[in-house]
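Asks: need a structure here:
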Amino acid sequence: MKAIRGAFLDFLHDPFYRDEQDAIRYLPDGLLVIDGDKIADFGRYDQLADKYADIAMDHYANRLIMPGFVDTHVHYPQTEMIAAYGEQLLEWLEKYTFPTELKFQDKTYARSVADRFLNMLLMNGTTTAQVFTTTFPQSVDAFFEACSERNICMIAGLTGIDREGLAPAEYRDTADSFYTNSKDLIERWHMKGRNKYAITPRFALGSTREQLDRCGQLKGEYPTAWVNTHMSENHKEIAQVAEAFPEASDYLNVYERAGIVGPKFTAGHAIHLSDDAFQRMSASKCSISFCPSSNLYLGSGLFMIHKAKSLETPVLVGLGTDMGAGDCFSILRVLNDAYKVAALQSQKLSVFKGLYLATLGGAKSLMLEDEIGSLDPGKYADLVVLDLSPTPALAFRAQNNPFGKDQTSEEHQCARMEHDAFGTMMLGDERSVEATYVSGQLLHRKTGTPVH
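Replies: Predicted coordinates for the structure are as follows:
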């Protein structure tokens with residue numbers, strides 16, 4: 001056993017629907033006890049210190065410790081092409097994405113990128129992600145092998161695309177090969193250790209009806225598997241989906257007809273949705289991955305988070321970097337863009353709402369809240385340690401916190417933390433991440449910041 005001492009923040013409820021102070025759990029001086037790969041105990045330091053006096057303890061003073069961040073939508077094969085210049089979605093795929101992903105026929109190369117990708121996530125405090133691979137099974141094997149070595153929770157699967165004209169011939173699969181290869185990969189990797197499999201049609205436009213029906217067949221045969229895809233990202237894409245599937249009433253209905261919409265189904269982006277689509281997504285208990293950095297970078301549009309998190313049509317929402325269409329690996333930078341997307345629609349995204357989406361909200365959107373997302377005993381010890389003043393700008397801002405250090409009540413300390421954490425949400429990046437723990441093991445520590 002070992003313990004971590006410091007200031008802790010996690011969530012007990014969704015602050016979009018509860019008073020924010022009731023939704024959070026903030027311990028200015030807490031102790032978290034780890035036994036193996038899970039949290040064994042958690043509470044105030046003064047109440048637990050004597051009980052655990054004889055175990056090793058890492059003390060992070062003047063830091064904020066949270067559950068590890070959850071990235072609900074990201075592409076590991078696009079690591080090398082992040083920040084590709086000047087195109088919208090379909091042209092971007094043709095010009096940059098498919099030529100890059102063709103390299104993943106080479107498993108050795110795929111494994112080298114998988115290792116680099118996972119290390120970048122850890123550097124940014126991300127401990128769980130839902131990940132796209134390629135049409136090549138070896139890219140999935142390489143990824144899960146890298147995950148298994150780190151005992152990290154990742155959701156991934158073979159990425160299907162079989163429609164002629166949407167990808168180079170050497171990249172496309174077929175409905176039958178997608179089914180056969182996916183079935184083999186599910187048997188090999190799904191729920192082995194912390195690995196979880198997602199049936200992954202890349203997007204409706206890339207798949208024939210036959211391939212989407214195969215996705216539905218796989219979901220029927222493996223009901224515990226996830227389903228991960230894209231939806232309603234770009235106006236040109238949406239128009240082409242309507243042409244390709246004239247029998248469907250809208251983009252969402254393409255997936256509904258395939259029998260894959262429901263819990264554990266994630267639609268990446270979902271920017272341009274009708275009221276009816278929101279209502280159907282709410283009723284089906286599926287989720288949306290909000291990817292503001294990508295949406296802004298490719299000029300796709302503004303996600304209506306106020307509709308998704310409304311009382312009328314509540315939809316589960318998590319955050320996605322969508323790297324490499326997104327221009328970062330950092331959930332903190334995604335929150336910066338999320339705040340601005342909301343502001344452009346005359347909405348406000350508070351720091352607690354943002355950090356909820358990054359942690360417990362993301363876990364709930366992936367149906368993983370029993371395993372991750374908060375600091376409850378029994379969950380995996382996946383943690384991020386944040387330095388709230390790692391840069392000159394943030395340090396100066398913190399020095400001038402309007403809630404001065406001279407007042408020590410917990411209410412005052414919470415207000416001070418809220419002010420500094422919002423600064424980190426707007427100005428933070430990988431420099432804000434001092435350490436990242438996965439399954440109780442310290443897998444990343446910022447250079448030059450020893451644990452005391």
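
Asks: what about the residue nearest to Arg116 when sequence neighbours are not counted, how many neighbours?
Replies: In this structure, Arg116 finds its nearest non-sequential neighbour in Thr79, 6.1 Å apart by C-beta to C-beta, 6 or more residues apart in numbering. Yep, even glycine has a C-beta here, placed from its N, CA and C like the rest. When neighbours are defined as other C-beta atoms under 10 Å, Thr79 has 18 of them.

Asks: check contacts around Thr79.
Replies: By C-beta atoms under 8 Å, 6 or more residues apart in numbering, the contact list for Thr79 reads Val113, Arg116, Phe117, Met120, Met323, Gly324.

Asks: would you agree Arg214 is in contact with Thr174?
Replies: No: with contact defined as C-beta atoms under 8 Å, Arg214 does not count as touching Thr174 (9.4 Å).

Asks: spatially central residue in this protein, please.
Replies: Asp71 (1.2 Å; C-alpha atoms, centre = their mean).

Asks: quick one: the helices in the stretch 151-300 of the chain?
Replies: 175-189, 209-221, 235-244, 251-258, 275-284, 292-297 (DSSP state H, counting those that start in this stretch).

Asks: and the ones you listed, which is most packed in?
Replies: Highest mean neighbour count among the helices of the stretch 151-300 of the chain (mean count of other C-beta atoms under 10 Å): helix 292-297, with a mean of 24.

Asks: skipping adjacent residues, who's closest to Tyr96 in space?
Replies: Tyr96 sits nearest to Ala84 (C-beta to C-beta, 6+ apart), 4.2 Å away.

Asks: can you give me the neighbour number for Val33?
Replies: Val33 has 20 neighbours, counted by other C-beta under 10 Å.

Asks: residues touching it, list them.
Replies: By C-beta under 8 Å, 6+ apart, Val33 lies in contact with Met1, Lys2, Ala3, Ile39, Ala40, Asp41, Phe42, Leu48, Tyr52, Ile55.

Asks: which residues does the fifth one contact?
Replies: Contact criterion C-beta under 8 Å, 6+ apart gives Met1, Val33, Ile34, Pro377 as the residues in contact with Ala40.

Asks: can you give me the end-to-end distance of stretch 126-138?
Replies: Stretch 126-138 has an end-to-end distance of 24 Å (C-alpha to C-alpha, to the nearest Å).

Asks: can you report how many residues neighbour Thr108?
Replies: Thr108 has 8 neighbours, counted by other C-beta under 10 Å.

Asks: contacting residues for it?
Replies: Going by C-beta under 8 Å, 6+ apart, Thr108 touches no other residue.

Asks: rebuild the helices of the stretch 151-300 of the chain as CSV, extending it with distance to Ala61 and mean pLDDT.
Replies: Output for those, formatted as CSV (distance: least, C-beta to C-beta, whole Å; pLDDT from 0 to 100):
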stretch, distance to Ala61, mean pLDDT
helix 175-189, 40, 98
helix 209-221, 48, 98
helix 235-244, 49, 97
helix 251-258, 49, 98
helix 275-284, 44, 98
helix 292-297, 32, 97
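
Asks: and Leu90, which of these is closest to it?
Replies: Closest to Leu90 of these is helix 235-244 (C-beta to C-beta; 6.0 Å).

Asks: who touches the closest one?
Replies: Helix 235-244 is contacted by residues 88-90, 163, 203-205, 232, 248, 250-251, 254, 272, 301 when judged by C-beta under 8 Å, 6+ apart.

Asks: what about those, which are in strands?
Replies: Members of the contacts of helix 235-244 lying in strands (criterion: DSSP state E): none.

Asks: for Gln130, state which of these is nearest.
Replies: The shortest approach to Gln130 among the contacts of helix 235-244 belongs to Phe203, at 14.8 Å (C-beta to C-beta).

Asks: nearest residue to the closest one other than its sequence neighbours?
Replies: Counting by C-beta to C-beta, 6+ apart, the residue nearest Phe203 is His230, at 3.9 Å.

Asks: likewise Asp115?
Replies: Distances taken as C-beta to C-beta, 6+ apart put Ala146 closest to Asp115, at 5.3 Å, once the chain neighbours are dropped.

Asks: for Gly354, same thing?
Replies: Residue nearest to Gly354 in three dimensions, not counting chain neighbours: Leu335, with 4.5 Å by C-beta to C-beta, 6+ apart.

Asks: and that neighbour, that's in a helix?
Replies: Yes: the assignment for Leu335 by DSSP: H, G, I helix; E, B strand; the rest coil puts it in a helix.

Asks: roughly how far does it sit from His419?
Replies: Distance from Leu335 to His419, counting by C-beta to C-beta, to the nearest Å: 16 Å.

Asks: please say which of those two ends up with more neighbours.
Replies: Using other C-beta under 10 Å as the criterion, Leu335 and His419 rank with Leu335 on top: 26 against 17.

Asks: shaky segments in the stretch 301-450 of the chain?
Replies: The model of the stretch 301-450 of the chain has pLDDT under 70 over residues 406-407, 448-450.

Asks: okay, helices next: where are they in it?
Replies: Assigned by DSSP H, counting those that start in this stretch, the stretch 301-450 of the chain shows helices spanning 305-308, 331-343, 351-358, 360-365, 392-399, 410-427.

Asks: could you dump these into a markdown table and include distance to Lys196?
Replies: Formatted as a markdown table, the helices of the stretch 301-450 of the chain follow (distance: least, C-beta to C-beta, whole Å):
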| stretch | distance to Lys196 |
| --- | --- |
| helix 305-308 | 24 |
| helix 331-343 | 19 |
| helix 351-358 | 19 |
| helix 360-365 | 12 |
| helix 392-399 | 35 |
| helix 410-427 | 28 |
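
Asks: so which of the ones you listed is the most packed in?
Replies: helix 360-365 (a mean of 27).

Asks: figure out how far that one is from the centre of its chain.
Replies: Centre-to-centre, helix 360-365 and its host chain are 9 Å apart (C-alpha atoms, centre = their mean, to the nearest Å).

Asks: name the residues that touch it?
Replies: 10-11, 14, 67, 69-72, 128, 266, 287-289, 316-319, 369, 371-374.

Asks: kindly recompute the last result at 6 Å.
Replies: By C-beta atoms under 6 Å, 6 or more residues apart in numbering, the residues outside helix 360-365 that reach it are Phe11, Val70, Thr72, Ser287, Leu316, Val317, Gly318, Glu369, Ile372, Gly373, Ser374.

Asks: from those, which single one is nearest Gly259?
Replies: Ser287 (17.2 Å).
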